[in-house]
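Enquirer: Following is a predicted model, sequence given first.
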Amino acid sequence: MPIKDIIEINKEWEDFFQEMFDDPNDFYSFWHYKPFSDDYWNERTKIVFCNVEAHGNSGGNCYLTLDIFKSWLGNITSKRTVLFLYCLYKQLHNISVNEKQLRELFYKNDELLNGIRNTTYMNLRKEVKYKDGPNEDTDGILRSLVHGMKYSEKDEDDSNNHDNRKLTLAFIDALEPDIFIITGRTGLLVLKDIYSDIIDLNGLSENGMYKTKKTLYVHLEHPSRAFSYDYIIKNTRAIYDELQK
């Protein structure tokens with residue numbers, strides 16, 4: 001089962017970032033991602049939904065679980081992400097969801113989360129925190145760790161950026177996604193950069209889809225800016241229709 005690979009990659013990622021701190025004790029928190037449930041691997045169509053978000057935690061290194069995700073649902077980006085995943089999962093299992101149902105589900109967090117337990121959520125922004133917070137000496141490093149895929153503009157050999165791209169690619173591949181959804185303009189640019197030496201994703205345009213032999217790549221607007229109920233229903237249906245071709 002690929003879950004072993006995912007755990008190993010997460011650990012390698014954590015070690016990679018920890019080595020960038022002069023004092024290992026400053027390394028404070030790091031998010032790990034994996035499928036919400038092992039039943040993910042039994043799904044005929046495996047869905048991965050990826051945002052580029054700045055999410056922190058109170059400290060320590062932990063896996064994102066449904067219980068933790070539930071605590072994020074007061075945030076509109078997280079809520080719309082779950083609504084989309086729920087609607088898409090139902091669509092792929094030939095269960096239609098209409099706008100009235102989505103409006104009612106908006107307030108039913110447990111039902112929403114139960115409907116996405118066989119999917120995977122991940123974040124391309126690997127957030128690392130300093131134990132005592134950023135200061136004059138560390139703020140630049142903190143920003144470079146948090147924002148985007150380039151973790152040091154000063155690396156002449158680009159080794160850190162290369163290693164991070166390699167780990168990101170290995171992680172996505174280990175998930176074996178049949179559908180990989182990336183949101184936002186930054187997310188689209190980063191995804192193309194990650195795959196630049198492997199496959200050409202230039203065919204994936206904004207708000208478009210691009211199918212390879214293994215995966216349907218989908219770009220959506222960022223959930224904070226779009227994702228009306230009509231947007232969710234139309235796009236989940238479009239993804240379903242594309243898979244039938």
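Expert: Thanks, I have the structure now.
Enquirer: Just give me the neighbour total for K213.
Expert: Residues near K213, counting by other CB atoms under 10 Å, number 5. C-beta: built from backbone N, CA, C; applies to glycine.
Enquirer: And for I9?
Expert: For I9, the count of nearby residues is 23 (other CB under 10 Å).
Enquirer: now do G208
Expert: G208 is flanked by 13 other residues according to other CB under 10 Å.
Enquirer: separation between it and F106?
Expert: Separation of G208 from F106 (CB to CB, to the nearest Å): 27 Å.
Enquirer: Equivalent analysis for I3, please.
Expert: Distance from I3 to F106, by CB to CB: 32 Å.
Enquirer: what does D193 give?
Expert: In terms of CB to CB, D193 sits 35 Å off from F106.
Enquirer: Repeat that for L191.
Expert: Distance from L191 to F106, counting by CB to CB: 29 Å.
Enquirer: Touching, L220 and T236? I think so.
Expert: No: contact between L220 and T236 fails when scored by CB atoms under 8 Å: they sit 10.2 Å apart.
Enquirer: joint contacts of those two?
Expert: Listed as contacting both L220 and T236 by CB atoms under 8 Å, 6 or more residues apart in numbering are F84.
Enquirer: neighbour-wise, which of L191 and F106 wins?
Expert: L191 (23 against 15).
Enquirer: show me where the chain has strands.
Expert: 27-32, 47-51, 60-63, 120-123, 128-130, 179-183, 209-211, 216-220 (DSSP state E).
Enquirer: what's in contact with stretch 206-213?
Expert: Here stretch 206-213 makes contact (CB under 8 Å, 6+ apart) with 185, 188, 199, 201, 203-204, 216-221, 238-239, 242.
Enquirer: Just the CA coordinates for it, please, in CSV.
Expert: In CSV, the C-alpha atoms belonging to stretch 206-213 read as follows (Å, rounded to 0.1, in the frame of the first residue of the first chain):
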residue,chain,number,x,y,z
GLU,A,206,-6.8,28.6,-16.1
ASN,A,207,-10.2,27.1,-15.3
GLY,A,208,-9.4,24.2,-17.6
MET,A,209,-8.7,20.4,-17.6
TYR,A,210,-5.9,18.3,-19.0
LYS,A,211,-5.8,14.6,-19.1
THR,A,212,-2.8,12.3,-19.2
LYS,A,213,-2.8,8.5,-19.2
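Enquirer: Quick one: mean pLDDT over it.
Expert: Taken as a whole, stretch 206-213 has a mean pLDDT of 92.
Enquirer: Which positions within it qualify as buried?
Expert: M209, Y210 (16 or more other CB atoms under 10 Å).
Enquirer: ok, now stretch 34-52?
Expert: Per 16+ other CB under 10 Å, stretch 34-52 contains these buried residues: 34-37, 40, 43, 45-52.
Enquirer: What is the nearest of these to E176?
Expert: K46 (6.0 Å; CB to CB).
Enquirer: which residue sits closest to that closest one in space, ignoring its chain neighbours?
Expert: Nearest residue to K46, sequence neighbours excluded (CB to CB, 6 or more residues apart in numbering): D178, at 4.9 Å.
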